[in-house]
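Colleague: Fold the following, please.
(2 chains)
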Amino acid sequence: MSIKKIILALGLLTVSLGHSQNQALFAEATQFYNQGEYESALENYGQILENGEHSAALYFNMGNCHYKLGNIGPSIYHYEKALLLSPNDAEILNNLAYAQNMRLDAIQEMPKSDIARLYEGVVSFMTFDQWAYAAVILVILFVMAYLCYYFFHRANHKRLALISGMLALALGAISLLMAYLQLQQTNNDDPAIVLAKQVKVSSEPNSASNALFTLHEGTKVKVVDGLGDWQKIRLADGQSGWLLAESIKKIKDF
Amino acid sequence: MGFKGKIIFFMGLALCFGPQALAQDGDVEFNMVLSKDQLAINERLRVDFSMNKDGDNFSPPSFEGFKVVMGPSQSVSSSWINGKRSFSKTYTYIVMPTARGTFTIGQASIEIGGETYKTLPQEVEVTEAVDRPNGQPSPQDVASDNLHLVAELSKGSPYLNEGITVVYKLYVGTNVSVSNYRALDNPQYTNFWSQDIPVGRHEVQNGTYQGKPYRYVVLKRVVLYPQRSGELELEPLSLEVFVDVPTNQRDFFGRTIYTQATQTVSAGKRTIMVKPLPEEGKPANFGGAVGDFKFSVTTSKRELNAAESLQARVEVSGKGNLKLFKLPEPEIPSALEVYDPEYQENVRTQLSGMEGSIANTYTIVPSYRGKYPIPSIHFSYFDPKAGSYVTLSSEKIDIEVLEGPQASTFNAPAPGEPDKQLVVPLGKQFHFIKLDAGLQSREARPFFGSRGFYLWLLLPLLSIPIAILLFKKREAMASDVVGNKIKTANRLAKRYLSTAKRELGNKEAFYVALEKGLHNYLKAKLKIPTSDFSKEKIREILSEKGVVPGDGEVFIELLTNCEMARYSPFSEVQMQLDYDRASEVISKMDKQL
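Modeller: Here you go, the predicted structure:
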């Protein structure tokens, strides 16, 4: 019993130690960045990642460092990662745009219908976790409203409670649906960034097949399939082909 | 006549004093000279043995295959020029071949000053009979013997695209002179990229052709770059040359009379073995450049404002097939507007090949602020000297656009209008790093789908029936009247009659406690200490407070009982009855007070 307690205490201690150490590393990295020592800042950030912690801010700062160093691919890669943790962050989107302008490839996104755009806008308004929290809050609201309806005596109070309760329930159900859809979308979507300076995309997963087109550093692709060392990718403009897995890096690998 | 006499006189002097004084001067020469080294069987050959000092015991060679027709005939000449004596003595034979074939005229020997000297044996070829034995060669023959057009190649087996030069030289024998020439056929250098290097002035130079002295003129110089591998033929160059050929006739002044002859000469077909470039180690971006080059990519500016322009220059300089390959294209970020390049060529073609530089100048106009890296590009060429490929890389260039318009709406190009440019709209500034770390564990599990999520989602829903049930229970309890009465009675009895209840069965103590409890109750309810009051007074107070008279009576009766009980026997049943009555009356009065 006492041994267990000691182990628990030690574990808590190391966790808290690690956390404060990471905070110190982060603060130091900020200093490095401000002095223009981007390499050192990146080293610190890498250390924090190795210690098992991350955040949107961390990835955003790494993207900034890479941008300053002129590394197109890693810069875009880290911004995209930051966006996964914190979608719709204006600062990340802004700096990502700066990094994206360094790219060599001009890939036109396939035009989408208004409905598809609306659907996507709604579903990816929040992450699936955020949708889940929203659903929980709305369900609690519904319960409260229902109880109010049950206990209130005045007719207009009852009506108000009933309407708000129904509204909360409907919104909660929608949030739940959105969370599910977003989860599905997230699971199906496996984006990656091209990190190699130049990579030939072939029609088949072997080096003997002919090259369809060439991609450059920083281009975002979707991984659709894989075979051995090869990954099948699709571009935003609808083109697809095979390339070597080592030339790209998946954003969702945390 | 006096003039000639003087010469003879000097010759006589020389004969008298020369040998003694100058016999040791110079080396001894003893040569055999043939009039021709090739003759027809019906011609004659003259063989001269000449020496520059007198000797004894001359023995001629055996002239195998020949018959001596005449000879030996001797001739001696001796002269003094500027105090130097020259002497020559010649034995001459005229011989006739006896058969066709190649014969060797052997060695002749002579003794000069005690030493024996020998001539070198020489070969003579005897051919079939000719029409005009020992006749005068026609001017045509002389011309053809003395004119040779030669194409000299700098390299017989070059690599594909390696520059070679062809120099056409016209060799002219020393005894003829060329008055004019006309090109009959200019070769078309198919399968070659060719450039003619014009020859300004035909300078006559001395050289040897097949070991004999000749004069030559460079007529044409061409630089060739083979465009195909394998055996390539050079078409011959044909010239019609007008020559002046000397005849044996002399004019009145003793000068040789020349006659005109035309001769067609051609440089013969030359075959060039063009080696293909090796496949081994061939870079992927090899564009056919062969030679020795330098490569650079430069920009006119590194920092500028949007809507200003800058020039990027891709340049290859050096020696090689500069005009025959394409320059590599720079990879420029798609967000930059790039115009078609301007091609500049500064190439001189010399005998050694093309030399100079070629360059593409791109005009670039950035429209938005930001950093735009132009990655390093590679240029590969084949170095024929080393026989290997060389790849050069340009340095990476970062273009910084300092000021520019911020985000503008990005206009998608109209369909059908190809636009390679893709600009992501920008904010006003590149944001600084975030200062709040907000670190969390990397192994964070998603909330959605976890057990906690389902609990949080369903527990509130479960709480609805629970809350309703609780409420219903309270409602039911409120509406239960009898139960409530008992409950109140129990509560009051517990409060005021608990001591009495404990003493149930013990008569004295029970009634004391009961009386005390009843008074306490009134004291608590009415805020009047009633223990000293008479029963009449208490009845009065109770009726004043609006207590139903029946209940008041019961209360008073109970108090009376308590007093009486001290002096009279009371059964246990009675005690229980009094206790119940007490608790009942308290609860009844409690509602009224």
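Colleague: Enumerate every residue touching the residue in the stretch 151-254 of chain A that chain B sits nearest to.
Modeller: Using CB to the nearest CB, residue A:179 is the residue of the stretch 151-254 of chain A that sits closest to chain B, at 5.1 Å. In this view, the C-beta of every residue, glycine as well, is placed from N, C-alpha and C. By CB atoms under 8 Å, 6 or more residues apart in numbering or on different chains, residue A:179 lies in contact with A:128-129, A:131-132, A:135, B:448.
Colleague: Residue B:64 now?
Modeller: Applying CB under 8 Å, 6+ apart, we find residue B:64 in contact with B:103-106.
Colleague: before we move on, the earlier item: with neighbour count and pLDDT added, can I get the contacts of residue A:179 in a markdown table?
Modeller: Converted to a markdown table, the contacts of residue A:179 look like this (neighbours: other CB atoms under 10 Å in any protein chain shown; pLDDT from 0 to 100):
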| residue | neighbour count | pLDDT |
| --- | --- | --- |
| A:128 | 23 | 83 |
| A:129 | 19 | 85 |
| A:131 | 24 | 89 |
| A:132 | 27 | 90 |
| A:135 | 24 | 91 |
| B:448 | 21 | 81 |
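Colleague: quick check, nearest of those to residue B:39?
Modeller: residue A:128 (111.3 Å; CB to CB).
Colleague: just checking, next helix/strand downstream of the strand or helix carrying residue B:495?
Modeller: According to DSSP states H and E, residue B:495 maps onto helix B:481-496. Under the assignment DSSP H and E, the closest C-terminal helix or strand after helix B:481-496 is helix B:498-502.
Colleague: Quick check: which helices or strands does that following helix pack against?
Modeller: Counting contacts by 3 or more CB pairs under 8 Å, 6 or more residues apart in numbering or on different chains; DSSP states H and E, helix B:498-502 is packed against helix B:507-526, helix B:572-592.
Colleague: Please point out which parts of it sit buried.
Modeller: B:500-501 (16 or more other CB atoms under 10 Å in any protein chain shown).
Colleague: Residues of the stretch 451-593 of chain B that sit close to chain A?
Modeller: B:453, B:456-457, B:460-461, B:463-464, B:467-468, B:471 (CB under 8 Å from any CB of the partner chain).
Colleague: Now, those residues that are in helices?
Modeller: B:453, B:456-457, B:460-461, B:463-464, B:467-468, B:471 (DSSP state H).
Colleague: which residues in the stretch 151-254 of chain A form strands?
Modeller: A:191-194, A:198-202, A:211-216, A:220-227, A:230-234, A:240-244, A:248-250 (DSSP state E, counting those that start in this stretch).
Colleague: Tell me which helix or strand residue B:273 sits in.
Modeller: strand B:270-274.
Colleague: and if you look at residue A:27?
Modeller: Per DSSP H and E: helix A:2-34 holds residue A:27.
Colleague: Model confidence at the nearest residue to residue B:369 once chain neighbours are set aside, what's the number?
Modeller: Distance criterion CB to CB, 6 or more residues apart in numbering or on different chains; nearest residue to residue B:369, sequence neighbours excluded, is residue B:404 at 3.8 Å. On the pLDDT scale, residue B:404 is placed at 72.
Colleague: How about the contacts made by residue B:404?
Modeller: Residue B:404 is in contact with B:305-307, B:366-370, counting by CB under 8 Å, 6+ apart.
Colleague: Put the buried members of these into a ChimeraX selection.
Modeller: ChimeraX command restricting the contacts of residue B:404 to the buried ones, with burial defined by 16+ other CB under 10 Å:
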select /B:366,367,368,369,370
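Colleague: I'd like to know which of the contacts of residue B:404 is nearest to residue B:77.
Modeller: Nearest to residue B:77 among these, with distances taken as CB to CB, is residue B:366, at 94.8 Å.
Colleague: Pretty sure the closest one sits against residue B:338.
Modeller: No. Counting by CB atoms under 8 Å, residue B:366 does not reach residue B:338; the two are 10.0 Å apart.
Colleague: still on that earlier bit, greatest separation within the contacts of residue B:404: which pair is it?
Modeller: It's B:307 and B:370 that sit farthest apart of these, by CB to CB, at 13.7 Å.
Colleague: The residue of the stretch 151-300 of chain B found nearest chain A: what secondary structure?
Modeller: Nearest residue of the stretch 151-300 of chain B to chain A (CB to the nearest CB) works out as residue B:284 at 9.5 Å. Secondary structure for residue B:284, judged by DSSP: H, G, I helix; E, B strand; the rest coil, is coil.
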